[in-house]
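**Q** here is my input; please provide its structure:
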Amino acid sequence: MKFFHKIINGCVGFMQKYLPEPFIFAIILTFVAVLVAMPVCHQSIIEVVSNWGGGVWNLLGFSMQMALVLVTGATLAAAPLIKKGISQLASLPKTPAAAIALVTGISAVACWLNWGFGLIVGAIFAKEIAKKLKNVDYRLLIASAYSGFVVWHAGISGSIPLKMASDVNELAKDTNGVITSAIPIGNTILDYHNIIMVVLVTVALVTINSLMHPKGSEIVAIDPVLLKEDTDVSTNDNVSKTPAMKLENSRILSIILSLLGFSYLIISLFIKGKSFDLGSVILLFLFLGIVLHKTPIAYVRSFAKSVGGAAGILLQFPFYAGIMGIITGVGESGICLGTVVSEAFVNISTSTTYPIYTFLCAAILNMFVPSGGGHWAIQAPIMFAAGEALNVDHGLTGMAIAWGDAWTNLIQPFWALPALAIAKLNAKDIMGFCLIDLVVSGIIIIGGLLIWAI
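**A** Take a look at the predicted model:
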């Protein structure tokens with residue numbers, strides 16, 4: 001056990017020393033992509049810069065969604081009723097190891113159900129436990145909350161398996177005619193191989209995260225500033241005498257508005273049969289928050305307090321969109337960097353090893369293009385054609401891409417930004433623990449894909 005903790009301390013120390021602030025990390029990845037794309041794709045600096053600039057705003061809508069899921073989620077958690085419920089649940093674990101295990105398990109289940117929901121709930125719950133339980137390492141607590149995110153793309157909100165189960169015409173277009181019929185989620189998300197992998201990864205994370213908790217003097221004390229919440233500025237109904245103030249403090253307005261929002265969600269999800277996507281999560285957080293804060297002005301003030309946490313998202317997402325532009329862009333040579341990487345893995349694959357190499361290819365690309373949609377655009381035309389030639393099931397190919405996309409999120413600060421904003425920590429504070437989770441989960445995923453392929 002001493003040797004195990006020595007390894008953990010080494011990983012934590014390494015990340016603390018060498019992992020820069022997430023914005024600097026995004027800048028470094030941008031430079032790497034530029035320097036690799038020019039010789040590999042035979043592109044001029046003008047072509048590469050044009051691809052970069054052309055991609056900068058491609059994630060603008062998604063950036064807004066991510067900012068809103070963070071702010072509306074944090075605002076919902078600040079509602080008195082929700083705060084009370086989270087506080088009671090956070091009182092359950094009595095030891096640091098139990099707290100780490102509970103946070104990891106809840107985060108993984110929540111992320112499997114919906115990744116946006118899981119990201120926010122896990123971090124908020126972990127922070128509340130830190131307020132209740134002494135001698136728990138706050139860094140590991142937040143890392144555990146984030147670690148559950150590794151199963152999201154194998155869950156029911158996974159963008160690639162859902163894409164494979166949707167419109168056939170779009171599917172055929174995206175795969176250059178290789179897939180001509182929808183792949184049901186029974187062959188991807190709900191395939192027993194995938195379910196077993198999700199369970200094993202979750203159990204392993206619960207176990208390893210609990211074992212990683214430092215002992216004695218190695219526990220990093222929690223800075224009280226990180227746990228401090230802004231005091232609520234409440235309004236007094238007795239002084240609400242003007243018409244404007246009465247409207248601001250009207251519970252009826254909040255109830256009517258929330259009923260309107262809930263009605264839309266019910267119609268959209270249960271009558272029209274649309275999927276519970278990120279937009280649905282935002283609307284659910286928004287209208288629950290409005291009704292639970294009781295008055296419009298209370299929600300406005302709570303929302304304003306939460307906005308600052310979205311700064312990292314608003315700053316960094318355009319840069320990752322620019323990197324995606326480099327990876328997917330082509331010049332006069334007609335060569336795409338993402339295609340080159342994908343074909344390199346295809347060329348060394350057999351029918352048995354193909355899912356593993358597809359997984360590793362997706363994992364590498366995810367460091368530069370941390371987006372399921374981006375992976376689909378790069379890999380779908382190549383990987384499904386190669387998989388068919390090697391007689392690999394399309395469902396397995398799709399899930400290999402999905403798992404690879406999710407796996408390296410454990411050491412890619414991009415998706416950790418919402419959790420870090422809530423926790424008031426830096427990426428270097430949690431990534432040492434996540435590096436251990438990367439290795440453990442990677443062994444299970446590779447083993448699972450190999451068994452699935454046999």
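**Q** buried residues of the longest helix that the chain contains, list them for me.
**A** Identified as the longest helix of the chain according to DSSP state H is helix 427-453. If you call a residue buried by 16 or more other Cβ atoms under 10 Å, then helix 427-453 has these buried ones: 427-438, 440-442, 444-446, 448-449, 452-453. For glycine as for every other residue, the C-beta is placed from the backbone atoms N, C-alpha and C.
**Q** quick one: residue 90 and residue 124 touch, right?
**A** No. If you go by Cβ atoms under 8 Å, residue 90 and residue 124 don't touch, sitting 9.7 Å apart.
**Q** shared neighbours, these two?
**A** Counting by Cβ atoms under 8 Å, 6 or more residues apart in numbering, residue 90 and residue 124 have no contacts in common.
**Q** if you count neighbours, what's buried in the helix or strand harbouring residue 199?
**A** Per DSSP states H and E: residue 199 is located in helix 192-211. By neighbour count on 16+ other Cβ under 10 Å, the buried set for helix 192-211 is 193, 194, 197, 198, 201, 202, 204, 205, 206, 208, 209, 210.
**Q** check the residue lying closest to residue 227 once chain neighbours are set aside and give its pLDDT.
**A** In space, and not counting its chain neighbours, residue 227 is closest to residue 131: 5.3 Å by Cβ to Cβ, 6 or more residues apart in numbering. Turning to residue 131, the model gives it a pLDDT of 89.
**Q** I'd like the next helix or strand past the lowest-mean-pLDDT helix or strand in the chain.
**A** Least confident helix or strand of the chain, by mean pLDDT, DSSP states H and E, is helix 224-227 with a mean of 70. Once the chain leaves helix 224-227, the next helix or strand it forms, by DSSP H and E, is helix 243-248.
**Q** how long is stretch 147-164 end to end?
**A** Counting by Cα to Cα, to the nearest Å, you get 26 Å between the two ends of stretch 147-164.
**Q** ditto for stretch 268-280
**A** Stretch 268-280: ends 9 Å apart by Cα to Cα.
**Q** on that earlier part again, what packs against the longest helix of the chain?
**A** Applying 3 or more Cβ pairs under 8 Å, 6 or more residues apart in numbering; DSSP states H and E, one finds that helix 427-453 makes contact with helix 2-18, helix 138-147, helix 192-211, helix 354-368, helix 394-407.
**Q** now the angle from the third one to helix 394-407?
**A** Between helix 192-211 and helix 394-407, the angle comes out at 20 degrees (axes from the mean of the first three to the mean of the last three Cα atoms, to 10 degrees).
**Q** which residues touch helix 192-211?
**A** Helix 192-211 has contacts (Cβ under 8 Å, 6+ apart) with 1, 4, 97-98, 100-101, 104-105, 108-109, 112, 140, 143-144, 147-148, 150-151, 154-155, 188, 396, 399, 403, 433, 436-437, 440-441, 444-445, 448-449, 451-452.
**Q** next: the first one.
**A** The list of residues contacting helix 2-18 from outside it, by Cβ under 8 Å, 6+ apart, reads 139, 211-212, 214-215, 218, 428-429, 431-433, 435-436.
**Q** now with 6 Å?
**A** For helix 2-18, contacts defined as Cβ atoms under 6 Å, 6 or more residues apart in numbering pick out 212, 428, 431, 432, 435, 436.
**Q** contacts only, for the second one.
**A** With contact set as Cβ under 6 Å, 6+ apart, residue 428 has these partners: 15, 16, 19.
**Q** swap in the fourth one?
**A** If a contact means Cβ under 6 Å, 6+ apart, then residue 432 has 11, 12, 15 as its contacts.
**Q** how far away from the center of its chain is stretch 83-92?
**A** 24 Å (Cα atoms, centre = their mean, to the nearest Å).
**Q** whoops, I mixed them up, stretch 424-442
**A** 14 Å.
**Q** for it, list the C-alpha coordinates in CSV.
**A** Provided in CSV are the C-alpha atoms of stretch 424-442 (Å, rounded to 0.1, in the frame of the first residue of the first chain):
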residue,chain,number,x,y,z
LYS,A,424,-12.8,26.6,-7.3
LEU,A,425,-9.8,24.4,-8.1
ASN,A,426,-7.3,24.2,-11.0
ALA,A,427,-6.9,21.3,-13.3
LYS,A,428,-3.5,20.5,-11.9
ASP,A,429,-5.2,19.9,-8.5
ILE,A,430,-7.1,16.8,-9.7
MET,A,431,-5.4,15.5,-12.8
GLY,A,432,-2.8,13.5,-10.8
PHE,A,433,-5.6,11.3,-9.4
CYS,A,434,-7.3,11.2,-12.8
LEU,A,435,-4.1,9.9,-14.3
ILE,A,436,-4.3,6.8,-12.1
ASP,A,437,-8.0,6.4,-13.1
LEU,A,438,-7.0,6.7,-16.8
VAL,A,439,-4.6,3.7,-16.5
VAL,A,440,-7.1,1.6,-14.5
SER,A,441,-10.1,2.3,-16.7
GLY,A,442,-8.0,1.9,-19.9
